[in-house]
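K.L.:
the following block contains a protein sequence and its predicted model.
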Amino acid sequence: MSIIERAQQLGIIPVVAIPKSEYALPLAEALLAGGLPCAEITFRTAAAAESIAQIKQRFPELLLGAGTVLTTAQVDAALNAGAEFIVSPGSNPATITYCQQKGITIFPGVCTPTEIEMNLEQGIDVMKFFPAEPAGGVKFLKAICAPYKDVRFIPTGGIDAKNIGDYLAIPQVVACGGSWMVKPELMTENNFAEVQRLAAEAVAFVKTIRA
């Protein structure tokens, strides 16, 4: 399956800001045990590249992406570490073009019609809707889907167990990015059992919604 197909099958992409790389493997193990073999490791912390590298080597079956990628240098760091896809909060044409030249899937961030059309011009039709809740949430996304029927979205930002069902009910939503099951404090407290529990709960919830 393609990366997009794998993401759609899961319905959730855990968005992780790992405080220290020592948490990377326990985190990946907890996600896998919870039935959620996917993670977007954000470049919001200095531990991102090393964490991606460790997870990729130990758990190659886990769909692994790099998030909050703002520059081509970060694209290189992510790819060298083993990331399989790139996610950015905005739509930087230089970063998008660079990823396309490298042959790596990128999900650029959008929250306006203009940004959507910029990405369509570059051949991108699956985009990150960010920040989802502050930008207008489900109501806004439904409205924006109407004129852009061939565009699919990965809403991220303010999504949790309470509202993910509303987003997944929109046909053009591939999956939702969420961090409620991988909050940094769960890692710093070594509470990976809770990560596993929340991941399993989220997976079960998605299956129920889609059923």
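P.N.:
Arrived safely.
K.L.:
distance check, M181 against L32.
P.N.:
Using CB to CB, to the nearest Å, M181 is found at 13 Å from L32. For the C-beta atoms, the positions are set from N, CA and C on the backbone; glycine is no exception.
K.L.:
who has more neighbours out of these two?
P.N.:
M181 (26 against 17; other CB atoms under 10 Å).
K.L.:
residue contacts, the more buried one?
P.N.:
Residues in contact with M181 (CB atoms under 8 Å, 6 or more residues apart in numbering) are P14, G34, L36, V195, L198, A199, E201, A202.
K.L.:
any idea how far I12 is from it?
P.N.:
M181 is 8 Å from I12, by CB to CB.
K.L.:
check A49 too.
P.N.:
Separation of A49 from I12 (CB to CB): 23 Å.
K.L.:
in a helix, D166, correct?
P.N.:
Yes: applying DSSP: H, G, I helix; E, B strand; the rest coil, one finds D166 inside a helix.
K.L.:
where's the residue lying closest to it once chain neighbours are set aside, which helix or strand?
P.N.:
Residue nearest to D166 in three dimensions, not counting chain neighbours: V138, with 4.7 Å by CB to CB, 6 or more residues apart in numbering. Using DSSP states H and E, the element containing V138 is helix 137-145.
K.L.:
so what does that helix touch, helix or strand wise?
P.N.:
Helices and strands touching helix 137-145, by 3 or more CB pairs under 8 Å, 6 or more residues apart in numbering; DSSP states H and E, are strand 152-155, helix 164-168.
K.L.:
which strands and helices lie in contact with the longest one?
P.N.:
Packing contacts for helix 164-168, counted by 3+ CB pairs under 8 Å, 6+ apart, involve helix 137-145, strand 176-178, helix 192-210.
K.L.:
what comes into contact with the longest one?
P.N.:
To tie it back to what came earlier, the one meant is helix 192-210. 10-12, 14, 26-27, 29-31, 33-36, 161, 164-165, 168-169, 178, 180-182, 186-187.
K.L.:
do that again at 7 Å, thanks
P.N.:
By CB atoms under 7 Å, 6 or more residues apart in numbering, the residues outside helix 192-210 that reach it are 11-12, 26-27, 30-31, 33-36, 161, 165, 168, 180-182, 186.
K.L.:
give me the subset of these lying in strands.
P.N.:
Judged by DSSP state E, the contacts of helix 192-210 include I12 as members of strands.
K.L.:
need the buried ones from the contacts of helix 192-210 selected in PyMOL.
P.N.:
Buried subset of the contacts of helix 192-210, written as a PyMOL selection, criterion 16 or more other CB atoms under 10 Å:
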select buried, resi 11+12+27+30+31+33+34+36+168+180+181+182+186
